[in-house]
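In: Let me see the structure of the following:
(2 chains)
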Amino acid sequence: MSANATLAALFEEMAALLELTGANSFRVSAHAKVARVLGELDADVEALGREPGAIEAIEGIGEGSAGRIREWLASGSIKDLESLRKQVPPGLPEVLRVPGLGPKTARLLWKEAGVVDLATLKAKLASGELLGLPRMGEKTLAKIRESLEFMEKSGGRARLGEAAPVAESLARHLRAVKGVARVEVAGSLRRGRETIGDLDLLACGGDPAGLIEAFRSHPEVRSVLAAGETKCSVRLASGMQADLRVVDSSCFGAAWLYFTGSKEHNVRLRERAIARGLRLNEYGLFPHAEADEDSPPQSRGVAPVAAASEEEIYEALGLPWIPPELREDHGELSLRKTPTLVTVEAIRSELHAHTRASDGTMSIEEIARLARDRGFHTLAITDHSRSSVQANGLDPARLRRHLDAVREADARLDGIRLFAGSEVDILADGRLDYEDELLAELDWVVASPHVALRQDPKVATERLLAAVRHPLVHVLGHPTGRLIGSRPGLEPDIEAIAKAAAECGTALEVNANHHRLDLRDRHVRIALEAGCWIAINCDVHSPEQFDELRYGVVTARRGGLTPDRCLNCLDARTLDAWRKAKRKKVHK
DNA sequence: GCCGTTTTCGGCCCGACTGTTTTCAGTCG
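Out: Here you go, the predicted structure:
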């Protein structure tokens, strides 16, 4: 684990321990913020530690935390953390992860009932001895039991590609309710995060009670967690939680903004509102409350400055509309105008696809026709190379016959250009899986790591650098090889890879498969800052995988990708020229 | 603990829902 990730985990732990010792809540959230900032930091905190003042310069990290970070970098431990660990049972922080169970309750259970971890919590729930503690009635205990059960079964977040279809099914179901004007997805799904904790939907128009009734009666709903007049939370059969809010159409924009988040982005907006003498909530942007009025402005009939659309709220705050994918408090509030990010519609080619020759399910002609039907002008056929035995990789003789077949199809089919290429394995030592002589015969080379994905980061960096600098490679495919939720993959120095890729003109791939999303969002940002070309590829093996494109696009958008830096947005002639120029450039 | 178009002290985002309350604390997003 990198120093950044380790320190993020330690600050996360400190925040939890502080909560459990009953520390000031602002102190707790300050630690949690330091953890978040460290986790998302692009720069290496170890390197920053060597520059005086560099750690303190990071927004959200003050003198105290910077001191603790340096203490850890120098000694490998943090005194304050060690002392907190002595005050709290080591298993207690995991009790905080039980949904519905917060710091106050965890502390109560610990101090009053001797709960020290999930195991003792479970045992004491079973024995009935928790009943009768302050605020611990039958219903509360039943909810805790249910939450524990849920944690054991599902344990975590769903992948974007699994959550999105479920949310869309719920939205369609709600749109069929009589009188409904609008139903939209919000939350981390709208922001396009690679994993989703729960689904957020927003609706307006029609009868709120009818909407809530329709929501809780969707066939996927297993239990209802809460249902009020405007809000309903359910647990789905998949274990995921889904929330619906019903709002008035006059404040739909404020609600959509609010429930899209992120939480940190919202906090920034509210701070900005206050600085302008305004007050922002999910009902709108209002003139700030007078000192003696502490009830919400909307309940006093105060007219909002803006509420109906997100655009007018941002405008009233002196901001351009910010695409949801950028709402993470990563500096987006300093944007002067709305960036033109890449879209699914702007993608005109697929540059990484497999046929039956290796491990795909389609013939050359079938996949070519599908690509053409989707409006693509170019498709790169890139079957696996010989080392990928499990994927039926092609040896040189088979590859040459396959190239002939692709070129024959290219000549025969109208309306689509086929590149005869390969997805060539980057071997563990950085060599490619075919001789240069053969690679030179290919129109298109995607080089990807498939084996030795637990390499030391320094070795992995050298390995990928060798592929990026190879004169015959066009694209570095799924650079880290990670699989979300199941395989961490390589941890190369992405800045070094990006720098080399920019110099050599090699494109870096955002693999759109929802298990991969590799490069990930923050890597895309690093690549763009270095000046790289990006390719968004579905890595198609079967027809439905063309539909994964949107996950790749949204990931690239989160990294700030504009169409002018995206290979797949080039027109056919320019792309072909890029392909040829790429090899000439490096051959010089 | 962090931070600064009132500030180096005194703030720090805001409302819905639930359960156990007889007016509200706790949790969540």
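
In: Where does chain A get nearest to DNA strand B, residue-wise?
Out: A:Gly137 (1.7 Å; C-beta to the nearest atom of the strand). Placement of C-beta: from N, CA and C, glycine included.

In: nearest spatial neighbour of that residue, skipping sequence neighbours?
Out: A:Leu131 (7.5 Å; C-beta to C-beta, 6 or more residues apart in numbering).

In: Count the residues that sit near the one you found.
Out: Counted with other C-beta atoms under 10 Å, the neighbours of A:Leu131 add up to 13.

In: What is the burial count for the residue of chain A closest to DNA strand B?
Out: Counted with other C-beta under 10 Å, A:Gly137 comes out at 10.

In: Ok, A:Pro134 next?
Out: Neighbour number of A:Pro134 under other C-beta under 10 Å is 7.

In: So for the residue of chain A closest to DNA strand B, what's the pLDDT?
Out: Looking at A:Gly137, its pLDDT is 87.

In: What of the one 10 residues further on?
Out: With respect to pLDDT, A:Ser147 scores 80.

In: Could you say which helix or strand holds it?
Out: Secondary structure from DSSP states H and E places A:Ser147 in helix A:138-153.

In: Which elements pack onto that helix?
Out: helix A:118-127 (3 or more C-beta pairs under 8 Å, 6 or more residues apart in numbering; DSSP states H and E).

In: Format the CA atom coordinates belonging to the helix or strand bottoming out on mean pLDDT in chain A as CSV.
Out: Ranked by mean pLDDT, DSSP states H and E, the weakest helix or strand in chain A is helix A:138-153, scoring a mean of 81. Taking Å, rounded to 0.1, in the frame of the first residue of the first chain, the C-alpha atoms of helix A:138-153 are listed here in CSV:
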residue,chain,number,x,y,z
GLU,A,138,-37.5,-3.4,20.7
LYS,A,139,-37.6,-1.7,17.3
THR,A,140,-34.1,-0.2,17.6
LEU,A,141,-32.7,-3.6,18.5
ALA,A,142,-34.6,-5.3,15.6
LYS,A,143,-33.1,-2.8,13.2
ILE,A,144,-29.6,-3.4,14.5
ARG,A,145,-30.1,-7.2,14.0
GLU,A,146,-31.3,-6.6,10.5
SER,A,147,-28.4,-4.4,9.7
LEU,A,148,-25.9,-7.0,11.0
GLU,A,149,-27.5,-9.6,8.9
PHE,A,150,-27.3,-7.3,5.8
MET,A,151,-23.6,-6.6,6.5
GLU,A,152,-22.8,-10.3,6.7
LYS,A,153,-24.6,-11.0,3.4
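
In: Report the buried residues of it.
Out: Buried residues in helix A:138-153, counted by 16 or more other C-beta atoms under 10 Å: A:Thr140, A:Leu141, A:Ile144, A:Ser147, A:Leu148, A:Phe150, A:Met151.

In: That one relative to helix A:118-127, how many degrees between them?
Out: 140 degrees (axes from the mean of the first three to the mean of the last three C-alpha atoms, to 10 degrees).

In: does DNA strand B sit close to the next helix-or-strand element following helix A:138-153?
Out: Remark: after helix A:138-153, the chain's next helix or strand is strand A:158-159, criterion DSSP H and E. No. In terms of C-beta under 7 Å from any atom of the strand, no part of strand A:158-159 sits within range of DNA strand B; the closest distance is 13.2 Å.

In: other SSEs contacting the following helix or strand past strand A:158-159?
Out: Downstream of strand A:158-159, the first helix or strand assigned by DSSP H and E is helix A:160-175. Judged by 3+ C-beta pairs under 8 Å, 6+ apart, the packing partners of helix A:160-175 are strand A:182-186, helix A:187-191, strand A:195-196, strand A:198-204, helix A:208-216, strand A:241-247, helix A:549-558.

In: go with 6 Å
Out: If you count contacts as 3 or more C-beta pairs under 6 Å, 6 or more residues apart in numbering; DSSP states H and E, helix A:160-175 packs onto strand A:182-186, strand A:198-204.

In: So which of those strands is the most surrounded?
Out: The highest average neighbour count among the helices and strands packed on helix A:160-175, using mean count of other C-beta atoms under 10 Å, belongs to strand A:198-204 at a mean of 24.

In: What's the end-to-end length of stretch A:70-85?
Out: 19 Å (C-alpha to C-alpha, to the nearest Å).

In: tell me which residues of that stretch are tucked away?
Out: So, applying 16+ other C-beta under 10 Å, buried residues of stretch A:70-85: A:Arg70, A:Trp72, A:Leu73, A:Ile78, A:Leu81, A:Leu84.

In: Out of the residues you listed, which sit inside helices?
Out: Under the assignment DSSP state H, the buried residues of stretch A:70-85 contribute A:Arg70, A:Trp72, A:Leu73, A:Leu81, A:Leu84 to helices.

In: In a markdown table: the helices and strands packed on helix A:160-175, plus distance to A:Leu399 and mean pLDDT.
Out: Output for those, formatted as a markdown table (distance: least, C-beta to C-beta, whole Å; pLDDT from 0 to 100):
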| stretch | distance to A:Leu399 | mean pLDDT |
| --- | --- | --- |
| strand A:182-186 | 44 | 95 |
| strand A:198-204 | 45 | 93 |
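
In: okay if I get the ones you listed as a markdown table plus distance to A:Ile274?
Out: Listed next are the helices and strands packed on helix A:160-175 as a markdown table, based on distance: least, C-beta to C-beta, whole Å:
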| stretch | distance to A:Ile274 |
| --- | --- |
| strand A:182-186 | 23 |
| strand A:198-204 | 25 |
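
In: could you dump these to CSV with distance to DNA strand B?
Out: Conversion of the helices and strands packed on helix A:160-175 to CSV gives the following (distance: least, C-beta to the nearest atom of the strand, whole Å):
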stretch, distance to DNA strand B
strand A:182-186, 8
strand A:198-204, 5
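
In: Which one of those lies nearest to A:Glu503?
Out: strand A:182-186 (40.4 Å; C-beta to C-beta).

In: Would you mind writing the CA trace of that closest one as PDB?
Out: C-alpha atoms of strand A:182-186 as PDB (Å, rounded to 0.1, in the frame of the first residue of the first chain):
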ATOM      1  CA  ARG A 182     -40.200  13.800 -13.900                       C
ATOM      2  CA  VAL A 183     -38.100  11.100 -12.400                       C
ATOM      3  CA  GLU A 184     -34.300  11.300 -12.300                       C
ATOM      4  CA  VAL A 185     -31.400   9.400 -10.800                       C
ATOM      5  CA  ALA A 186     -29.200  11.300  -8.400                       C
END
